[in-house]
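Student: sequence and predicted structure, then a few things I'm wondering about:
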Amino acid sequence: MKKSVYFITSAAIIAALYVVLTFLANALGLANMAIQVRFSEALTILSLFTPAAIPGLFIGCLLSNILIGSVIQDVIFGSLTTLAAAALTYVIGRIFRSRIQKADSKNKKTALGIAGTVLGSIPPIVGNMLVVPLVLIYAYGLTDPVVFMGYEIHTVYWFYVITVGLGELISCTFLGLGLSFIMRNTKLDLKLSSNLGL
């Protein structure tokens, strides 16, 4: 009973944080369209530490997309992409957690923690790089050539792959690494895992 309450509470907190951080990015004009740096995407790294992040991120993304006025295709496919990425990141986290526990030195544990965080950031980056450009083109109708540094780019899909990928790299990898560092140094990673019996 205690574990299920903790799981639901953790998922709800993660969902709420995702919504708040998305609203912050939206206020700065960074939550959608071609250039996206959703600060909330840094939270995808929490899937390394707890399975509660999987529904938390999904619900947070779903609510965020609805509340900021995204089109239905963005609400559906963006949220499903976040769900799949969170699940894959969780699997990566389980693999690295067992390796970290078996590591015999602090340096090795640190190196494995950094490697796990970087690899754990790959599913949301790749997922969004592949899906979001399609949503931008087919749901938002962003099909006109893009002028970038004086050059007209006609292959807009690949332009959006790059812009969305860079935004995700900033959010998931750089901000995610910072969040992971804080989690590990404050032992929050162990608290999240141990409270769910992982």
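Tutor: Perfect, thanks for sending it. Owing to the predicted nature of the structure, the values given are computational and were not obtained by experimental measurement.

Student: use CA for all of it now, contacts and neighbours both
Tutor: Noted.

Student: ok, which stretches of this structure are strands?
Tutor: Here the chain has its strands, by DSSP state E, at 146-148, 151-153.

Student: so where do the helices sit in this structure?
Tutor: For the chain, the helices defined by DSSP state H occupy 2-27, 53-67, 72-102, 106-120, 122-138, 156-168, 176-185, 188-195.

Student: pLDDT of the shortest one, averaged?
Tutor: Right, the one you point to is helix 188-195. Averaged across helix 188-195, pLDDT comes to 64.

Student: what does the longest one give?
Tutor: For helix 72-102, the per-residue pLDDT values average out at 93.

Student: please name the nearest non-neighbouring residue to residue 137.
Tutor: Of all residues not flanking residue 137 in the chain, residue 143 sits nearest, at 5.5 Å (CA to CA, 6 or more residues apart in numbering).

Student: what's around the one you found, how many residues?
Tutor: 13 (other CA atoms under 10 Å).

Student: now residue 9
Tutor: Other residues near residue 9 come to 14 when the count uses other CA under 10 Å.

Student: and what of residue 69?
Tutor: With other CA under 10 Å as criterion, residue 69 counts 11.
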